[in-house]
Structures are given as C-alpha cells and as structure tokens.
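> Prediction below, plus the sequence it came from.
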Amino acid sequence: YEVCSNDNQLTIEAKVSSDNLQNVQYNWEQGTTTSEILVTPTDKTNYSITVTDGNGCINNAIQTIIVNEPSIVTIEGVKESCEGKEFKLTATGANSYEWKVTPDNTSNYTIDGNILNYKGIQENVTFEVIGTNGKNCKSDAVSHTVTMIANPALTIIPSPDQRSVCKGSNLSLTATSGANVAIQWEGSEIGYLDYRFNAEDHGEKEVKVTATTTQGCKNDSIVKIIVNDLPTFTIKGNDFCLGTTTELKAEGNDLSFSWVGFLKNVNPVNVSKSGTYKVTGTDGNNCSRQDSIRVTAFSNPDFIITQQNISWNDDNTACKDSTITLAAQGGNYTYDWYTKENDILTEFQKSSSTIEPTITRDVTFVANATIKHNENLQCETQKEYIVKIKEAPIFELDAPTVCAGNTSRIKVKNGVNGTTYEWKWDGGSQAGGTYHEEILTANKEFIVIGTKDHCSYQVVKTAEVYELPQMSAITGADNDVCIGDTVILSENATTNN
C-alpha cells in the first residue's frame, strides 16, 4: 500500500475470519492490542500482527506501507498588473494541476492544464496550485499573489462620465485625479482643464479625458453633453384599505424615479398611510422633474363571530352530527362564509350573516366581511371560527335471552367513563345505572340514552324470553282405571324452543 509523505497518516485494520471469534487477541509489533492501529510512516515500513482466535489458533500477517514524495511546484508570472489588464500564469514541476483562485470569479479566467489566463484583474488576486505527480501524490499548495495596480481615479466634477445638460442649467466640467497622475483632455496639452458649456446652446459634443499613472495604468472617460427637455411622466395609485398597502407607480419612458421618504431609484413603492407622496423622475441625461399624488386609507370591516345555540359554557365545540348557528355581528357588511382545510377555502354560503351547519368533524369556518367605500374600492376582513366536535359516548347493550319468569339483566357494554345513562321502556324508566334487572315473561324493548359532556347516544335493544314448555300426562287409550290397578304414565311436552 502506498501513501504520500504529506498525507501519511492512516489506519490499518486486521480483519479475522474464524469459526470462533470469541475473545480474539490482537498483538501488533508496535504494541497495539486492538484490531486497528493508527500509523504515520515516514519511509517504507512493515507492520506485522499476530492474531489468536477463540480456539487458541495463531496466525501472523504483514502490511507493507510505501511512502512516496510529492512534487515541488512553482508558479511563474507577473506579480503586479494594471486594473483590467490581462496576464498569464504558468505552473511547473508536476504532471497535473489543480488551481484555486481567490476571490473566485470563474468568468474572469480560463485554465488550460498548467496555464491560467486571467482576463482582466479588478482587485488583488491570490492563485494557489497543487500539483499531482506520477505516484498520485499531491504537492503542498503553492501561492502566488498578483497585486492590482488601480487605474487612476478620474473624477469629473460635478457630472459622471456621461452627463446631459438640462434646459435652463449650466455645466462646468473639471477633471481631477490622484498625485503623480497626468490628465489630458482630447485636443489639448497634458494638464488640468476646466471645460465649460452653456446649456442654452443646442447640440451634442463628446469630450475625452485620459488619466495616466507613472506605471502606465490608464483610465479614460468620455463626457457626452446633450441639451434635453425636462422629463414628463404620469403617476398611478389608488385608495386602499387600512392594514394593507397600495402601490404608487410613476411611469415614463426611459426614466428612473425616486420617491421622497423611500430609497433612491425604487419604483414602484408601497405605502400604508393616507397622504400626499412626491416623486422625482430623472431621465438618462440626469434631467429631473417632481410631481405628487394623494391617496387615502379607508377602514376595514370590524366584526365578531359567535356560536349562538349552545347549552354549555364552552364555545367552539359541538356534538357530532348536531346543527349549530354561527353569526357574524358587526356593521352593515356583506358576509360570505367558507370552510378552510389545509389553507384552502371552500365556499359554504354567500351573502348571509348567519349559517346553520351540521357538524360532522372538526372544522374551521371563515367569515369574509366586505364594505364598498366607492366604485373602485371594497375593503374586507376575514375571521376564523374553529368548531371542534365532541364525540357522543358510544356503547352497546348486552341482554342475554332468559326463560319466561326469570330475571333478565340488561347491561351497558363497552361504555365510556363518565357517561350517565337513562333507561326507558314501555310503562317505565330508570335514571342512571349501567344495568337494569327485571323478571320477564315476554320479549321487551329497552331504550338507553348515554350522555357525556352534553352529547348523547341512543341504543335500542330487545330482551328476548324463551317460553316455558307445556306438558300433559298420557295413560293410554282409556284414562279410567279401577282402584288398586297399576297405571303407566308417559310425558308429552311441547315448547317453542
């Protein structure tokens, strides 16, 4: 097994196969007594181990580790470059190379094996390369930093590089840069120039200025001067509902807009309060005009939802399969009702302040109240009302069949703790209890109502009765006998069961 000298720490594991792996003993030559050994060889090294299995059988093994040396890699190329200038770096000393560029902007460079072509430096850049030799050993990372020599700053006061002159304004262009930087305006001698232009003059002119450092790094700028009219634009915005926002948008061809009180050059903007809002429109020549719009925030419906027909002090609950009344109470609004499940609304009833749903499961009702303030604005408020079902206490009745004249015990089966029971039958009743006992001579129907938390469940059960058998004695063809004679009697019994 081969490793590289700069990546030479590894774990060697002895894997044992035996018919008795109980209490296996490991004895490495280096003194380790576990199945694994962590090693860091610096040269070719043999690692031997003796293994004794649970049967006392012994075997030896040797693992040889060969240590290879990585290549020594260098990077050749410039160490300084003017801002935006292209250059090339070359790595040598290995078979293949891995480059790392910091900061890494892949659009700025291409890699062809050991050559990296950088398209245009914009900041100091550090290049690292790792070379891999024929033994697949990677070298240590070699670093090479190219320092960017910034092109000279070129400031044209008060305008940017391209500046339009707006009607009614004057423009004075002054080019400045740093120390030891030569400035030259096109068509003039090298040096300082103050270029003046009167906005009342019509037409177009381009003026080029170049700044050059002592290292030869340059920065060019072209000032384009055009006389333009002030921009024209429109503003759109609507009245809105409190708690929401309305969009204010200025529209004009090729204009940027800045609203007073908002971030510069953000358009459209959203506002949440009534008021007058001002916006400045600026065209591509930096000509500006200001305009304003007023919008009003109108009130939203304010209402509550109540559950009206409940007989206990526990809102938001209802017995399963019962019908309840929900009422939306507030101003003179239009109410639409929906059910909500998984954030999806399903229409339940339109244009009604009350609804009477039958509750079969937990359900969320949503009332949407709307008020129309004007032809273009309608405000609405949604409120939820969650109804949770209360399950009726389901149970069974057990009524074993008995013989006529015997006591029948009818009892509740699989009942729910906390349930109260009301017993009814033809001609009688029983309040409470989980069973009823009665001597029966014929089938009899019982009605039992179980109630818990105001919810009831009814079971009807018939207690069945076996008829008693009918018997007669038979003596033969003639039932008359003489005194002292012997008579043989036999039984003839009839029954329905």
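Noted; the coordinates are in hand.
> Check what pLDDT the closest residue in space to residue 302 that isn't next to it in sequence gets.
With sequence-adjacent residues excluded and distances taken as Cβ to Cβ, 6 or more residues apart in numbering, residue 302 is closest to residue 330, at 5.6 Å. Yep, even glycine has a C-beta here, placed from its N, CA and C like the rest. pLDDT, residue 330: 91.
> right, and residue 330 touches residue 306 too?
No - Residue 330 is beyond contact range of residue 306, at 10.9 Å (criterion: Cβ atoms under 8 Å).
> more neighbours, these two?
Taking neighbours as other Cβ atoms under 10 Å, residue 330 and residue 306 compare with residue 330 leading, 17 against 13.
> Give me the phi and psi for residue 107.
Phi and psi for residue 107, reported as degrees, to the nearest 10, are phi -80, psi -10.
> And the residue lying closest to it once chain neighbours are set aside, how far from residue 210?
Closest residue to residue 107 apart from its sequence neighbours, by Cβ to Cβ, 6+ apart: residue 119 at 7.9 Å. According to Cβ to Cβ, to the nearest Å, residue 119 and residue 210 sit 22 Å apart.
> One more: residue 127?
From residue 127 to residue 210 the distance is 31 Å (Cβ to Cβ).
> go on, residue 425?
114 Å.
> Compare these two and say which one has the larger neighbour count.
residue 210 (19 against 16).
> what helix or strand is the more buried one on?
strand 204-212 (DSSP states H and E).
> Report all helices and strands that that strand contacts.
In this structure, strand 204-212 packs against strand 170-176, strand 182-185, strand 218-228, with contacts taken as 3 or more Cβ pairs under 8 Å, 6 or more residues apart in numbering; DSSP states H and E.
> Enumerate every residue touching the residue nearest to residue 304 when sequence neighbours are not counted.
Distance criterion Cβ to Cβ, 6+ apart; nearest residue to residue 304, sequence neighbours excluded, is residue 329 at 5.5 Å. Counting by Cβ atoms under 8 Å, 6 or more residues apart in numbering, residue 329 makes contact with 303, 304, 305, 306, 353.
> Let's see which of the residues you listed end up in helices.
When the contacts of residue 329 are checked against helices using DSSP state H, none is located there.
> Which one (most neighbours) among those residues?
If you rank these by neighbour count (other Cβ under 10 Å), residue 305 sits at the top with 21 neighbours.
> Report the contact partners of it.
326, 327, 328, 329, 365, 367, 383, 385.
> next helix or strand past the longest strand seen in the chain?
For the chain, the strand with the greatest residue count under DSSP state E is strand 377-390. Next in sequence after strand 377-390, counting helices and strands by DSSP H and E, comes strand 396-398.
> Now do the helix or strand hosting residue 456: which elements does it pack against?
If you go by DSSP H and E, residue 456 is part of strand 455-463. Judged by 3+ Cβ pairs under 8 Å, 6+ apart, strand 455-463 is in contact with strand 396-398, strand 406-413, strand 444-452.
> can you do 10 Å?
Strand 455-463 sits against strand 317-319, strand 396-398, strand 406-413, strand 420-425, strand 435-440, strand 444-452, with contacts defined as 3 or more Cβ pairs under 10 Å, 6 or more residues apart in numbering; DSSP states H and E.
> Please report the average pLDDT across it, rounded to a whole number.
According to the model, strand 455-463 has a mean pLDDT of 93.
> List the buried residues in it.
455, 456, 457, 459, 463 (16 or more other Cβ atoms under 10 Å).
> In its sheet, which strands sit next to that strand, and in what direction?
strand 444-452 (antiparallel) (DSSP bridges).
> any idea how far residue 330 is from residue 384?
15 Å.
> I'd guessed residue 26 sits against residue 52; true?
Yes - using Cβ atoms under 10 Å, residue 26 is in contact with residue 52, at 8.3 Å.
> any shared contact partners between those two?
residue 16 (Cβ atoms under 10 Å, 6 or more residues apart in numbering).
> Disregarding flanking residues, what is the spatial nearest neighbour of residue 347?
residue 338 (5.7 Å).
> meant to ask about residue 258
Per Cβ to Cβ, 6+ apart, closest to residue 258 is residue 264, 4.7 Å.
> Which residues are in contact with the one you found?
256, 257, 258, 280, 282.
> Specify which member of these is nearest to residue 468.
residue 257 (103.9 Å; Cβ to Cβ).
> ok, that closest one to residue 283 distance?
From residue 257 to residue 283 the distance is 11 Å (Cβ to Cβ).
> and if you look at residue 237?
22 Å.
> Next: residue 123.
33 Å.
> Then residue 395?
Distance from residue 395 to residue 283, by Cβ to Cβ: 83 Å.
> now do residue 231
Taking Cβ to Cβ, one finds residue 231 at 4 Å from residue 283.
> so what sits against both of the two?
Common neighbours of residue 231 and residue 283 (Cβ under 10 Å, 6+ apart) are 166, 252, 253, 254, 255, 256, 289.
> what's the closest residue to residue 69 other than its chain neighbours in contact with, if anything?
Residue nearest to residue 69 in three dimensions, not counting chain neighbours: residue 5, with 5.3 Å by Cβ to Cβ, 6+ apart. With contact set as Cβ under 10 Å, 6+ apart, residue 5 has these partners: 41, 42, 43, 67, 68, 69, 70, 137.
> okay if I get those as TSV plus neighbour count?
As requested, the contacts of residue 5 are exported to TSV (neighbours: other Cβ atoms under 10 Å):
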residue	neighbour count
41	18
42	8
43	9
67	17
68	16
69	12
70	21
137	20
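> Look at the nearest residue to residue 1 once chain neighbours are set aside and give its secondary structure.
Nearest residue to residue 1 in three dimensions, chain neighbours excluded: residue 65, at 5.5 Å (Cβ to Cβ, 6+ apart). Assigned state for residue 65: strand (three-state reduction, DSSP: H, G, I helix; E, B strand; the rest coil).
> Just the pLDDT for residue 65.
So, for residue 65, pLDDT stands at 93.
> Roughly how far does it sit from residue 4?
With Cβ to Cβ as the criterion, residue 65 and residue 4 are 11 Å apart.
> same check, this time on residue 86
Residue 86 is 35 Å from residue 4, by Cβ to Cβ.
> Comparing these two, which residue is more hemmed in?
Taking neighbours as other Cβ under 10 Å, residue 86 and residue 4 compare with residue 4 leading, 17 against 12.
> Correct me if wrong: the more buried one contacts residue 67.
Yes - between residue 4 and residue 67 there is a contact at 7.4 Å, judged by Cβ under 10 Å.
> overlap in contacts of those two?
Shared contacts of residue 4 and residue 67, counting by Cβ under 10 Å, 6+ apart, come down to residue 137.
> any weak-confidence spans in this protein?
For the chain, the stretches flagged by pLDDT under 70 are 158-164, 168, 170-172, 187-203, 309-314, 472-481, 487-497.
> All the strands of the stretch 51-200 of the chain, residue numbers only.
Taking DSSP state E, counting those that start in this stretch as the criterion, the stretch 51-200 of the chain carries its strands at 58-68, 74-77, 80-82, 87-92, 96-102, 109-112, 115-118, 125-132, 142-149, 155-157, 165-166, 170-176, 182-185, 194-198.
> For the fourth one, buried residues please.
Under the neighbour-count criterion of 16+ other Cβ under 10 Å, strand 87-92 has 87, 89, 91 buried.
> Any figure for the gap between the residue lying closest to residue 434 once chain neighbours are set aside and residue 404?
The shortest distance from residue 434 to any non-neighbouring residue, by Cβ to Cβ, 6+ apart, is to residue 412 (4.3 Å). For residue 412, the distance to residue 404 equals 24 Å [Cβ to Cβ].
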